[in-house]
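Asker: here you go, sequence then predicted model.
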Amino acid sequence: MSKTYKATGINLKAQALGESDRLVTILTTEFGLIRAVAPGSRKHNSSLGGRSGMFVVNELLIAKGRSLDKITQAQTIKSYPGLAKDLGKLGASQYLAEIVLSVALSEQPQEELYELLNEHLNRLEALPNKETLNVLAHLAHGIFHLLALAGLTPQVQICCITGRSIIPDFTDPTWQVGFSIPTGGTICLSAWERLKEEKRKQQDFSTSLPHYASSSTSSAIPATVKEKPANYQTVIHRQEIPVISSRLNATELAILQHLSQPEIIQDVTKNDSWLSVEQILRSYTQYYIGRPIRSAALIDSYFAANYDATV
């Protein structure tokens, strides 16, 4: 007889399987990511039809199978119907789900990740519809929190070259700071320029040296011992120059620095810097999870359709 187990989880992905089944990927608190068949869920009168939909939270009874587990019972305890009623909310929630699918573990408890995702889905659903910048703000907040939980937080408080704190200068409209995705965070541009100049000087110095130089101690070798003069090669150790992926102004950096706080920045309705922040976090996330975020296209479409009305 097949063993069964209980789990509480939220559906993050569903795909058709066979004539009437669905294969559902579920984030559970007890076992992390699991994949299970919802038998007959694509039939019109199936009790598992609605329970196998996206972002439905169920208490599950699952039968262990040889290759795929099978959902035998499901009791819905929460759903997010409001997410599907607004393109921005739908895109943002699917965006967060893609990140969760990339960072979640299988066969290990994932209670903290489960709670964090549900918290941000609750916040998104509670937003008024057509609030473009608020959706972007809450999306950025969710991305940052998921990265932090996965140990992938970008460094936005200090310079990755000098280790010194970076404080946005709102008095200078031309002030900027670099952001390096491969390096993992913010770069003070003056320190970056100094590093580039030092490397240029090192290159000039190394090219001016002969490749080999005779040892000055060769005269100390006894005449009866015939040896070739020792050869030495100059080796210069260089610090790699970080690649600057983008440049942030004072407002954009301040937003990134506040995303680590428990609550989202409240006054976002007049601040279109959230678009730049989301783009930076998107590129950073895709680099570290090693795959594109396909749902980001929905966010781009949503912003393009609603931006004029927002500003």
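Answerer: Happy to help now that I have it.

Asker: for the rest of this, base every contact and every neighbour count on C-alpha atoms.
Answerer: Will do.

Asker: outside of stretch 54-66 itself, list whatever touches it.
Answerer: Contacts with stretch 54-66, where a contact means C-alpha atoms under 8 Å, 6 or more residues apart in numbering, come from 2-14, 36, 51, 69-80.

Asker: buried members of these into PyMOL, please.
Answerer: Per 16 or more other C-alpha atoms under 10 Å, the buried members of the contacts of stretch 54-66 correspond to this PyMOL selection:
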select buried, resi 6+7+8+9+10+11+12+13+14+36+51+69+70+71+73+74+76+79+80
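
Asker: the stretch 201-311 of the chain: helices as residue ranges?
Answerer: 250-258, 273-289, 296-310 (DSSP state H, counting those that start in this stretch).

Asker: pLDDT weak spots in the stretch 51-200 of the chain?
Answerer: Applying pLDDT under 70 to the stretch 51-200 of the chain picks out no residues at all.

Asker: strands of that one, start to end?
Answerer: For the stretch 51-200 of the chain, the strands defined by DSSP state E, counting those that start in this stretch occupy 57-63, 69-78, 177-180, 185-187.

Asker: related to what we said a few turns ago, will you turn the helices of the stretch 201-311 of the chain into TSV that also has mean neighbour count?
Answerer: What follows is the helices of the stretch 201-311 of the chain, written out as TSV (neighbours: other C-alpha atoms under 10 Å):
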stretch	mean neighbour count
helix 250-258	20
helix 273-289	18
helix 296-310	15
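
Asker: before we move on, the earlier item: okay, the strands of the stretch 51-200 of the chain in a markdown table with distance to residue 122 next?
Answerer: Putting the strands of the stretch 51-200 of the chain into a markdown table (distance: least, C-alpha to C-alpha, whole Å) gives the following:
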| stretch | distance to residue 122 |
| --- | --- |
| strand 57-63 | 12 |
| strand 69-78 | 11 |
| strand 177-180 | 31 |
| strand 185-187 | 29 |
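
Asker: now do the contacts for residue 302.
Answerer: Counting by C-alpha under 8 Å, 6+ apart, residue 302 makes contact with 87-88, 132.

Asker: go again with 6 Å.
Answerer: Counting by C-alpha atoms under 6 Å, 6 or more residues apart in numbering, residue 302 touches residue 88.

Asker: which residues does residue 243 contact?
Answerer: Residue 243 is in contact with residue 180, counting by C-alpha under 6 Å, 6+ apart.

Asker: going forward, begin numbering at 45 instead of 1
Answerer: Renumbered: residue one is now 45, and that last one reads residue 287.

Asker: what pLDDT does it get?
Answerer: What the model reports as pLDDT for residue 287 is 94.

Asker: re earlier: least confident of the helices of the stretch 245-355 of the chain, on average?
Answerer: helix 340-354 (a mean of 79).

Asker: I'd like the distance from it to the chain centre, please.
Answerer: Offset of helix 340-354 from its chain centre (C-alpha atoms, centre = their mean, to the nearest Å): 21 Å.

Asker: ok, now stretch 318-327?
Answerer: 11 Å.

Asker: and stretch 76-87, by the same measure?
Answerer: For stretch 76-87, the distance to the chain centre is 27 Å (C-alpha atoms, centre = their mean).

Asker: what of stretch 177-188?
Answerer: Distance, centroid of stretch 177-188 to centroid of chain: 12 Å (C-alpha atoms, centre = their mean).

Asker: so the biggest strand by length in the chain versus strand 113-122, what angle?
Answerer: If you go by DSSP state E, the chain has its longest strand at strand 48-61. Relative orientation of strand 48-61 versus strand 113-122 (axes from the mean of the first three to the mean of the last three C-alpha atoms, to 10 degrees): 100 degrees.

Asker: what's in contact with strand 48-61?
Answerer: The contact list for strand 48-61 (C-alpha under 6 Å, 6+ apart) reads 66-72, 98-108, 141.

Asker: so how do I select the buried members of these in PyMOL?
Answerer: Per 16+ other C-alpha under 10 Å, the buried members of those correspond to this PyMOL selection:
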select buried, resi 66+67+68+69+70+71+72+98+99+100+101+102+103+104+105+106+107+108+141
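
Asker: before we move on, back to that, residues in contact with the helix or strand that the longest strand of the chain is followed by?
Answerer: Remark: after strand 48-61, the chain's next helix or strand is strand 65-72, criterion DSSP states H and E. Contact with strand 65-72 is made by 52-61, 77-86, as judged by C-alpha under 6 Å, 6+ apart.

Asker: the same query, at a cut-off of 7 Å, please.
Answerer: 51-61, 77-86, 96, 154, 158 (C-alpha atoms under 7 Å, 6 or more residues apart in numbering).
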